[in-house]
Structure formats: C-alpha cells, structure tokens
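J.: generate a structure from the sequence data that follows.
(chains A, B, C and D)
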Number of protein chains: 2
Amino acid sequence: MKLTEAKEKFIQSWGGLGSNWGINRTMAQIHALFLISDELLSAEEVMETLKISRGNANMNIRTLIDWGLVYKEYQSGERKEFFRGEKDIWKVTQRVIKARQRQELDPMIEVLSQIQHVDADEKNKKDVAAFKKQIKDIKAHAELADKALTKIGASEENWFLKTFMKLIK
Amino acid sequence: MKLTEAKEKFIQSWGGLGSNWGINRTMAQIHALFLISDELLSAEEVMETLKISRGNANMNIRTLIDWGLVYKEYQSGERKEFFRGEKDIWKVTQRVIKARQRQELDPMIEVLSQIQHVDADEKNKKDVAAFKKQIKDIKAHAELADKALTKIGASEENWFLKTFMKLIK
DNA sequence: AAAAACTTTCAAATATTATTGAAAGTTCAA
DNA sequence: TTGAACTTTCAATAATATTTGAAAGTTTTT
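T.: Numbering: from 1, shown residues only, chains lettered A, B, ... in the order given. Below you'll find the model as predicted:
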C-alpha cells in the first residue's frame, strides 16, 4: 500500500469511528490528519487536504483546541496561525474522556439526582419505590464510572498500564 | 416531582445521552422505557407511550434484542409478543460494550493492521517510518482497550467492583 | 383454505446535523 | 489610521440519519 493511500484510509476510518461515537466526522478527520502529520499545519492546509470550507475547518480546529487535542503555534516570520496535533495517544484518550465526561456523563448524573426525588401517594407507593430503586442503582453505576474516568483522566500512562495489565491478566 | 414527570425526564435524558454516543435516540428511549417498566410491554404499548410508528418501534426493539438489552416473552393466552428489559445495569453495560466493540473497535483495529503495511521507497523512507510508528502506537492502544473491554464484558460484577475499587482508590 | 392477528420491510418523507461561503470581525505593519 | 492579512460568525444550503406508514410477510385460528 502507498503512503498517501494509507493516510487517506486512516483519515476516513477515524472519521467514521468518530461519527459513530457522536463526534462530528470532519472534526475526527481533522484530528486524524494531525495525528499523522509531523509538521505544523495551517488552517489553509487542512482545508485543502480534506477539501472542506474555511468555516468548517476553523470551527472544528477550535473545538479540537478546546478538547486539548490540537495546539496553536506561531511560526516566526509568519502572520498566520499554525497548529500541531497532540501525538501522545494516551493523552488523546484522556482528553477525549474528559471532554465527554463533562459534556454527557456529568449532566446525566445530575438528572438522575433530580428524578430520585419523586414523591409517592397512597396509590402509587409501590411504583415509586421500584422506580427509585432502579434510578438509585443506575446512579450508583454512573457515579462509579465517573470516578473511574476521573481517575483515568488524571493518571500517568505507566501507572495505568501496570494497573490494567494486572486487571486483564 | 411526580412519577410520570420523572419517568418522562428519564426517558428524554437517556435518549439524549444515547444520541450523543451514536445510538439512535429512539432506541435509547425505548431502552429507557424498558429499564423503568416492571411489566412486560407489547410493541403497541411502546408505540403509544413514546408516540412512535409501528415500523420504528419494531426496528429498534429488534436491535435492542440483538444487543441483549431486551427479551421477547410470550404471555400465555396472548397472541402478540411481549418484551421485557434487562434491568441489571451491570449486564446492560457489558452488552453495550460488547455490541460497540464488535461494531466499531474491532473494525478499526483491522484497518490499523492493514495500513501498517505501507511500503517505502527511497524518497519517502522517513515519512513512512514515522507513519508506521504512529500507527503502531495507536494500534497498541486500541488493542489494549480491546482486551480490557473483552475482560470487562466477561466479568462478574463483584470481581469488577472489587478490582475497580482498588484501581480508583 | 381463508381470514384474522400480528410482525417485518422499505421507499418516501421528515427531522436533524453538518457545511458552505460571504460578510463581519480582528490584528498588525506601515 | 488605514488597509492588508488573516480569523470568526452565522444564515442559507446540503448531507445524513431517522421515521413513517402502507404493503408484504408470517403465523394462528376458524
């Protein structure tokens, strides 16, 4: 396989993976491009390589920066902005986890807390009890997941590898 | 908060969570409905409760059955099919992990294996080497995640809880 | 064997989400 | 302070994903 072909395939697959996981396809493609680019890239280059518009490139690069997956860098002598991608896959993993944890898991836990406070009357006592029990259980699991993810998000890769090796052996 | 209101909110939130994670909103809502319903439900009841069409209900219930999150059950004396949801959140977690692992992670690992075999010529030696290195690294992490998820998918909740408690303390 | 009761399919319609590109905004050198 | 070089915004448009519902398929009863 040719290098350009392999790169293209990686970008497409990574984009598809992202879009199946609720991350917009283009953002994932841009991220893929940065993962396999050793040089700094300008917005211009991203646009050209992926054949996307200026607005689209700008918006998604900005989100990638928010997530900590891409960094802005200034090239001396150049007016325009350049970017480089975070190459360390462990860091990438941690940052994706963090972003989604605060965007989705945390709000869900908040909702679970709210709906736990449902009040019963004579007629629906049993239903309310069953509902509360189930929500409590879901919330406990969600909180466990939250703690685990928080821990992962703050760990050194080495610690994690060692611990996980024990876990899965 | 009223019970019906709390249930409604749960269904909506679970649906939203699903749709942010690449699971179609209605499928997640149906799943939510099953999670908080103690009785068996017919396709009819699902349609009415969620105000969705027959085709939609059918297709998503079928997928939930594929994933192992909902079971078909026959009611004696009744001609039509009834369903019940898997209530055990640990099992739900395991089955969602398994479904997505085979749908997305495994194909991604396959692609990474393929694109590793890119051949170099004199001109692009260095680029090819860098590309291979990065893909190898991504693949190693993907395989680690795959192993961990496989282990989780096959574990007793108790074992997992104990191990994870140590992990996150 | 036919009809009734139910489930499944799938092309068309709808809803949702992402993308474009021109205009507005910003920064900076002169 | 202007204008060139660049970035950001956002309403209109396009692409994608989901939903509908009627028709076809299946199973059971009469």
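
J.: assign the residue of chain A found nearest DNA strand C to helix, strand or coil.
T.: Nearest residue of chain A to DNA strand C, counting by Cβ to the nearest atom of the strand: residue A:55, 1.9 Å away. In this view, the C-beta of every residue, glycine as well, is placed from N, C-alpha and C. Look at residue A:55: counting by DSSP: H, G, I helix; E, B strand; the rest coil, its state is helix.

J.: that one and residue A:47, how far apart?
T.: Using Cβ to Cβ, to the nearest Å, one obtains 10 Å as the distance from residue A:55 to residue A:47.

J.: quick one: residue A:72 is in a strand?
T.: Yes: counting by three-state DSSP, residue A:72 is located in a strand.

J.: run through the residues that contact it.
T.: The neighbourhood of residue A:72, defined by Cβ atoms under 8 Å, 6 or more residues apart in numbering or on different chains, consists of A:65, A:81-83.

J.: could you do residue A:100 as well?
T.: Neighbour list for residue A:100: empty [criterion: Cβ under 8 Å, 6+ apart].

J.: let me see the confidence value for it.
T.: Per-residue pLDDT puts residue A:100 at 94.

J.: can I take it that it is in a strand?
T.: No: per three-state DSSP, residue A:100 lies outside any strand segment and is helix.

J.: would you mind listing what in chain A touches DNA strand C?
T.: Selection of chain A residues close to DNA strand C by Cβ under 7 Å from any atom of the strand yields A:24-27, A:51-56, A:59-60, A:79.

J.: could you identify which of those residues has the most neighbours?
T.: Within these, residue A:60 tops the neighbour count with 23 neighbours, counted by other Cβ atoms under 10 Å in any protein chain shown.

J.: rewinding a little: contacts only, for the residue of chain A closest to DNA strand C.
T.: If you count contacts by Cβ under 8 Å, 6+ apart, residue A:55 has none.

J.: show me where chain A has its strands.
T.: A:41-42, A:70-74, A:81-85 (DSSP state E).

J.: show me what the first one is in contact with.
T.: Read that as strand A:41-42. Residues from elsewhere that reach strand A:41-42, judged by Cβ under 8 Å, 6+ apart: A:33-34, A:49, A:80-84.

J.: flag the least confident of these.
T.: Within those, residue A:80 has the lowest pLDDT, namely 89.

J.: what is the neighbour count of that residue?
T.: 9.

J.: again, but for residue A:121
T.: Residue A:121 has 9 nearby residues by other Cβ under 10 Å.

J.: same check, this time on residue A:127
T.: By other Cβ under 10 Å, neighbour count at residue A:127 equals 16.

J.: circling back: dump the contacts of strand A:41-42 into JSON lines; add distance to residue B:148 as well.
T.: Listed next are the contacts of strand A:41-42 as JSON lines, based on distance: Cβ to Cβ, whole Å:
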{"residue": "A:33", "distance to residue B:148": "28"}
{"residue": "A:34", "distance to residue B:148": "26"}
{"residue": "A:49", "distance to residue B:148": "33"}
{"residue": "A:80", "distance to residue B:148": "42"}
{"residue": "A:81", "distance to residue B:148": "38"}
{"residue": "A:82", "distance to residue B:148": "36"}
{"residue": "A:83", "distance to residue B:148": "31"}
{"residue": "A:84", "distance to residue B:148": "29"}
